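Visitor: For reference, the sequence and a predicted model appear below.
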Amino acid sequence: MYKEFLNQLKLNGSFSIYDVTKIQHDQVNRPHWGDPDLYKEYPLKGVFDGIEISNLQLKTFLNNCL
């Protein structure tokens, strides 16, 4: 899903992305996210495997001029 997320950003057409491996971001893998033995605070009910993406930096092709 992670690679597909990056590919969909590229395919969207609103962002200047030529190589998905060059997208600047921080990634934290969260296996068993929500397990009460591993995480004290958790906003969802249930245990999931997930990826936390932060500091995502994208350049847009959007024209803000009217």
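Guide: Now that the structure is in, tell me what you want to look at. Numbers count the residues shown, from 1 in each chain.
Visitor: Just name the shakiest helix or strand of the chain by mean pLDDT.
Guide: strand 24-33 (a mean of 87; mean pLDDT, DSSP states H and E).
Visitor: where exactly do the helices run in the chain?
Guide: Secondary structure of the chain, counting by DSSP state H: helices at 2-12.
Visitor: neighbouring contacts of stretch 55-62?
Guide: Leu9, Gly13, Ser14, Phe15, Ser16, Ile17, Ile23, Gln24, His25, Asp26 (C-beta atoms under 8 Å, 6 or more residues apart in numbering). C-betas here are computed from N, CA, C, even on glycine.
Visitor: Tell me the spacing between the third one and Pro36.
Guide: What that stands for is Ser14. 39 Å (C-beta to C-beta, to the nearest Å).
Visitor: Who has more neighbours out of those two?
Guide: For Ser14 versus Pro36, the count of surrounding residues by other C-beta atoms under 10 Å is larger for Ser14: 11 against 8.
Visitor: and the gap between that one and Phe48?
Guide: Distance from Ser14 to Phe48, by C-beta to C-beta: 28 Å.
Visitor: can you check Ser54 too?
Guide: Taking C-beta to C-beta, one finds Ser54 at 18 Å from Phe48.
Visitor: Could you check which of these two has the larger neighbour count?
Guide: Comparing Ser54 with Phe48 by other C-beta under 10 Å, the one with more neighbours is Phe48, at 13 against 8.
Visitor: confidence score at the spatially most central residue of the chain?
Guide: In the chain, the residue lying closest to the centroid (C-alpha atoms, centre = their mean) is Ile53, at 4.0 Å. Per-residue confidence at Ile53 stands at 93 (pLDDT).
Visitor: Surely it and Asp26 touch.
Guide: Yes - Ile53 lies in contact with Asp26 (C-beta atoms under 8 Å); the separation is 7.2 Å.
Visitor: who touches both of the two?
Guide: Going by C-beta under 8 Å, 6+ apart, no residue sits against Ile53 while also sitting against Asp26.
Visitor: Thank you kindly, that will do.
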